[in-house]
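# output the structure for:
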Amino acid sequence: MRLLSLRRAALFVSVVGLVASLAGVGTAAAEGPQGAHGNNHGGALGASGPLHQVATVKFPAPYLNPKSFDISWLDPKTQTYYLSDRTNNGVDAINAATDTFEGVIGAGDFSGAGTSASSTQKATCGPFGVGGPNGSLVLNVGGETQLWAGDGVTASSPVSSVKVFDLSSPSTGTLAATIPTGGVCRADELAYDPVDHLVIVANDVDTPPYLTLISVNPNPANDKVVGKIPFANAIDGIEQPAWNPANNMFYVNIPQVPTSNGSWMGEVAVINPRTMSVARTFAVPGCSPAGLAINVQRQQMLLGCSGDAIAGDTVNGVTYKGNPAVSYVMDARNGRIVARFSQVGGSDEVWYNPASGNYYLAASNMTSNGMSTGYNTPILGVISSQGNRWLENFPTAASAHSVASNPANGQVFVPIPGYGIAVLAGSGHGRSQDS
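Take a look at the predicted model:
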């Protein structure tokens with residue numbers, strides 16, 4: 001995912017202020033009927049009530065607490081949290097049961113924070129369009145466990161790629177394949193279709209941006225690109241994809257497409273992996289959708305609208321005005337928006353925990369008034385799928401744009417640049433009716 005910054009936002013985060021935020025000063029003041037704080041559902045997996053910090057994962061020498069990172073992934077089978085970490089140039093593995101650092105997979109195998117890219121590459125792709133790792137996920141195929149991660153480009157490796165690691169344990173792995181995706185800028189987020197054995201990855205910064213489909217095999221040496229889908233009308237890249245097992249379709253966020261009145265709107269593209277084509281699109285008005293998380297049982301999905309949706313943007317010389325902060329819940333079957341939340345916006349990654357029934361939104365570009373005129377107030381938003389109710393906003397820090405949650409204990413992992421990974425608990429961690 002792209003790391004966004006509001007054009008008109010101002011933020012000063014002191015060490016004291018950051019620690020105070022992470023000590024649990026969450027806000028749960030309601031904004032209208034959607035903001036009503038609900039009851040816990042069923043037997044508790046963890047403490048109920050507002051979020052509070054229960055641990056901080058620090059990185060031991062020679063590693064550094066990550067300052068530059070992309071998105072997170074949590075493998076529920078092994079209770080391992082993975083973070084695409086450009087500072088340490090690899091994918092961090094954290095034990096999500098004990099909240100302890102375990103290692104960095106593939107350290108040195110990625111493009112890192114982009115310092116090895118040429119000036120031409122940086123000018124073409126932007127500062128975050130050359131770095132890696134980016135999107136990451138763990139999958140099991142033919143009895144083999146693999147870690148996949150999108151990578152950027154360097155002067156000596158000018159073609160984007162996806163790296164595949166054979167995992168001998170949840171925290172150790174060997175680079176087994178480097179799969180070129182043909183871009184001059186990074187390969188970003190990924191999703192996996194275990195029925196058709198395909199990984200889809202967004203080449204989000206290329207012109208035009210496109211999706212790459214890659215075959216998945218127990219032996220990664222046999223993996224290869226089998227299809228590409230360009231998005232000529234996407235004026236602000238491609239964001240988070242997800243696979244829906246209910247209909248075996250990929251859903252992919254397209255942040256901005258032009259409209260006939262000279263403005264823009266977001267959309268969700270539904271991808272048929274068998275025909276490798278766009279089956280249909282769903283309009284997302286007033287929103288540049290970035291994060292996407294599917295509640296499979298209810299067939300609803302949370303769309304986190306990015307900071308660009310609030311700030312507005314200038315693309316190809318055309319200025320598109322911003323919109324009030326918002327997040328949506330959409331029906332995955334027909335694109336109908338079933339809930340709208342003004343309490344949280346400016347999100348990058350979002351996550352759904354099926355055990356708690358909660359969505360989590362890493363809204364690092366939220367503002368004080370939900371508009372571009374406000375100052376930056378980075379938060380972690382929490383929305384319950386039970387009646388689609390906003391629960392709370394928990395203060396985080398600038399660039400805290402990544403989140404994942406462990407269904408086994410309900411804990412939530414939020415990396416804070418330069419600080420470590422904050423581990424949070426609370427806010428309705430009972431078993432929901434979805435579990």
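
# next, count neighbours for Ile271.
Using other C-beta atoms under 10 Å, Ile271 is surrounded by 25 other residues. (Glycine included, C-beta is placed from N, CA and C.)

# same check on Gly108?
By other C-beta under 10 Å, the residues close to Gly108 number 10.

# cool, the one 3 residues further on as well?
By the measure other C-beta under 10 Å, the count of residues near Ser111 is 26.

# any idea how far the spatially most central residue of the chain lies from Ala363?
For the chain, the residue nearest the mean C-alpha position is Glu349 (2.7 Å; C-alpha atoms, centre = their mean). According to C-beta to C-beta, to the nearest Å, Glu349 and Ala363 sit 10 Å apart.

# shared neighbours of those two, anything?
Shared contacts of Glu349 and Ala363, defined by C-beta atoms under 8 Å, 6 or more residues apart in numbering, are found at Gly304.

# ok, and the closest non-adjacent residue to Val350?
Spatial nearest neighbour of Val350, excluding adjacent residues (C-beta to C-beta, 6 or more residues apart in numbering): Gly291 at 3.2 Å.

# ok, now how distant is the residue nearest to the centre of the chain from Pro158?
Glu349 is 28 Å from Pro158, by C-beta to C-beta.

# hang on, Tyr360 is in a strand, isn't it?
Yes - per DSSP: H, G, I helix; E, B strand; the rest coil, Tyr360 lies within a strand segment.

# which residues does stretch 214-221 contact?
By C-beta under 8 Å, 6+ apart, stretch 214-221 touches 139, 141-144, 146, 162, 164, 166, 176-177, 179, 181, 192, 197-201, 222-226.

# rerun at 6 Å
Contacts with stretch 214-221, where a contact means C-beta atoms under 6 Å, 6 or more residues apart in numbering, come from 141-142, 144, 164, 176-177, 179, 197, 199, 223-226.

# please enumerate the strands of the stretch 201-350 of the chain.
Along the stretch 201-350 of the chain, the segments classed as strands by DSSP state E, counting those that start in this stretch run 210-215, 225-230, 241-244, 249-258, 264-272, 277-284, 289-295, 300-305, 313-315, 318-320, 327-331, 337-341, 350-353.

# what are the pairing partners of the first one, and which direction each?
Using DSSP bridges, the strands paired with strand 210-215 in its sheet are strand 198-203 (antiparallel), strand 225-230 (antiparallel).

# and those, which is most packed in?
strand 198-203 (a mean of 26; mean count of other C-beta atoms under 10 Å).

# got the angle between that one and strand 249-258?
20 degrees (axes from the mean of the first three to the mean of the last three C-alpha atoms, to 10 degrees).

# contact partners of strand 198-203?
Outside strand 198-203, the residues that touch it by C-beta under 6 Å, 6+ apart are 150, 162, 181, 183, 187-192, 210-214, 216, 238, 241, 250, 273.

# try it again at 7 Å.
For strand 198-203, contacts defined as C-beta atoms under 7 Å, 6 or more residues apart in numbering pick out 135, 148, 150, 160, 162, 181, 183, 187-192, 209-216, 238, 241, 250, 252, 271, 273.

# just the buried members of these?
Among the contacts of strand 198-203, those buried by neighbour count (16 or more other C-beta atoms under 10 Å) are 135, 148, 150, 160, 162, 181, 183, 187-192, 209-214, 216, 238, 241, 250, 252, 271, 273.

# partner residues bridging the nearest residue to Ser347 once chain neighbours are set aside?
Excluding the flanking residues, the one nearest Ser347 by C-beta to C-beta, 6+ apart is Gly304, at 3.0 Å. Per DSSP bridges, the residues bridged to Gly304 are Gly291, Ser327.

# number of nearby residues for Gly304?
36.

# please read off the pLDDT at it from the model.
Here the pLDDT value assigned to Gly304 is 97.

# where does the protein have low pLDDT?
Residue ranges of the chain with pLDDT under 70: 1-49, 313-318, 320, 427-435.

# tell me how it divides into domains.
For the chain, automatic domain parsing gives the domain ranges 1-62+293-435, 70-230.

# which of those sits closest to Pro245?
Between Pro245 and the domains of the chain, the shortest gap by C-beta to C-beta is with domain 1-62+293-435, which sits at 6.0 Å.
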